[in-house]
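Novice: quick one: sequence plus predicted model below, questions after.
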Amino acid sequence: MKYDNVNNPKHYADSCSIECIDAMVITFGYEAVMDFCLCNAYKYLWRHKNKNGYEDLEKARWYMRKVTKLYDDYLLSPTVTKTKIDFRKFDTLDNMILEHMDKWRYEHKLEEEDDIQQ
């Protein structure tokens, strides 16, 4: 199995038959985990210049994609009581991350890359 720090970190591999984030959904519910993902995306955006650079921006995007996937699952789940979710914070944060990724690529003369794998 190929590991990478964004999509398949080694420290989570083979620890269990279920992904940690999926166990979190079972334990805490969709809404809590969506908020967790938004907070993690913000954390990685916040620290990217002082820690892991572009990799942190990729991690931020991974968490934003996870929010989208969780939201889709949330809407399809027949057992979850739905509440109205305000996605303005999602759109604002996602746009900020994309802007920082573009700026990072420009400043570091990186080629336009394929989006990270989900």
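Specialist: Arrived safely.
Novice: only C-alpha atoms for contact and neighbour calcs from this point on.
Specialist: Will do.
Novice: which stretches of this protein form helices?
Specialist: 20-28, 30-47, 54-76, 88-107 (DSSP state H).
Novice: now the angle from the third one to helix 20-28?
Specialist: Computed with axes from the mean of the first three to the mean of the last three CA atoms, to 10 degrees, the direction of helix 54-76 lies at 40 degrees from that of helix 20-28.
Novice: now helix 54-76: buried residues?
Specialist: Within helix 54-76, the residues that qualify as buried are 54, 56-67, 70-71, 74, counting by 16 or more other CA atoms under 10 Å.
Novice: any low-confidence regions in this structure?
Specialist: The chain contains residues with pLDDT under 70 at 1-3, 8, 10-15, 111-118.
Novice: what's the residue closest to the geometric middle of it?
Specialist: residue 63 (0.5 Å; CA atoms, centre = their mean).
Novice: quickly note the distance from it to residue 69.
Specialist: Distance of residue 63 to residue 69, computed by CA to CA, to the nearest Å: 10 Å.
Novice: same question for residue 97.
Specialist: 18 Å.
Novice: with residue 98 instead?
Specialist: In terms of CA to CA, residue 98 sits 18 Å off from residue 69.
Novice: how about residue 42?
Specialist: Taking CA to CA, one finds residue 42 at 18 Å from residue 69.
Novice: now residue 6
Specialist: Residue 6 is 16 Å from residue 69, by CA to CA.
Novice: residue 78 too?
Specialist: Counting by CA to CA, the gap from residue 78 to residue 69 is 16 Å.
Novice: do the same with residue 4
Specialist: 20 Å.
Novice: now swap in residue 25 and tell me
Specialist: 12 Å.
Novice: again, but for residue 45
Specialist: 20 Å.
Novice: residue 96 now?
Specialist: 20 Å.
Novice: next: residue 77.
Specialist: Distance from residue 77 to residue 69, by CA to CA: 12 Å.
Novice: also residue 108?
Specialist: Applying CA to CA to residue 108 and residue 69 gives a distance of 31 Å.
Novice: then residue 18?
Specialist: For residue 18, the distance to residue 69 - CA to CA - is 16 Å.
Novice: what sits against residue 64?
Specialist: 37, 38, 41, 90, 94 (CA atoms under 8 Å, 6 or more residues apart in numbering).
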